[in-house]
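Participant: What follows is a predicted protein model with its sequence.
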Amino acid sequence: MAILKNEYKSFLDDIEKNIKNKEDLEYIKERFTKFVDTTVEHINNVMDYKEEKFQKLEKTQKQMEEKLEKMQQVIDNIEKDIYAEEGFDFEIICPYCNYEFIIDADEDKSEIECPECHNTIELDWTGDLDEHSDNGCSGNCHGCSNCSDENEDM
């Protein structure tokens, strides 16, 4: 804006030197001032409009970045589910002491020791309870007193 002010002042100085008729000089100065004021007002309106559009654009961009971040998190979780390098974790609740712990799923293991009470827990990777008795017990657990027989007595 400083350059524009300097040019405006230079223009007024130039016409004052070159126009000798005072009436004409005042008319030209007044008319030129109105023109410059209108032009500057229009430029300010355009700049305000552009600033408003720019702020809306920044807001929209921020919203899009937040959405992309959420989508990336979902994609990362899907990727972890699909391409788990270490297998997957399996949550165990000890039937003896109710201690909860996590193990890596390994279908080759048929039993695991509880890290809390040290009892052996039988693992059934098939998830098929129908192959066992009605209560889901095979009667072959370490230290088992064949609970299926006890349930039949009740």
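Facilitator: Okay, I see it.
Participant: Compute the number of surrounding residues for Phe90.
Facilitator: Residues lying near Phe90 (other CB atoms under 10 Å) number 14. Placement of C-beta: from N, CA and C, glycine included.
Participant: Now do the residue lying closest to it once chain neighbours are set aside, the pLDDT please.
Facilitator: Using CB to CB, 6 or more residues apart in numbering and skipping the chain neighbours, the partner closest in space to Phe90 is Ala105 (4.6 Å). Here the pLDDT value assigned to Ala105 is 74.
Participant: Tell me the spacing between Ala105 and Asn98.
Facilitator: In this view, Ala105 and Asn98 are 21 Å apart by CB to CB, to the nearest Å.
Participant: neighbour count winner among those two?
Facilitator: Higher neighbour count among Ala105 and Asn98: Ala105, with 13 against 10, using other CB under 10 Å.
Participant: okay but the residue nearest to Phe90 is in contact with Asp89, surely?
Facilitator: Yes - taking CB atoms under 8 Å as the definition, Ala105 is a contact partner of Asp89 at 7.2 Å.
Participant: who's in contact with stretch 36-44?
Facilitator: With contact meaning CB atoms under 8 Å, 6 or more residues apart in numbering, stretch 36-44 is reached by 4, 8.
Participant: Dump it to PDB, restricted to CA.
Facilitator: Only the C-alpha atoms of stretch 36-44 are listed here, as PDB (Å, rounded to 0.1, in the frame of the first residue of the first chain):
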ATOM      1  CA  VAL A  36      -8.900   6.100  -6.200                       C
ATOM      2  CA  ASP A  37     -11.200   5.800  -3.100                       C
ATOM      3  CA  THR A  38     -13.600   3.600  -5.200                       C
ATOM      4  CA  THR A  39     -10.800   1.500  -6.500                       C
ATOM      5  CA  VAL A  40      -9.200   1.000  -3.100                       C
ATOM      6  CA  GLU A  41     -12.700   0.100  -1.600                       C
ATOM      7  CA  HIS A  42     -13.200  -2.400  -4.400                       C
ATOM      8  CA  ILE A  43      -9.700  -3.900  -3.800                       C
ATOM      9  CA  ASN A  44     -10.500  -4.100   0.000                       C
END
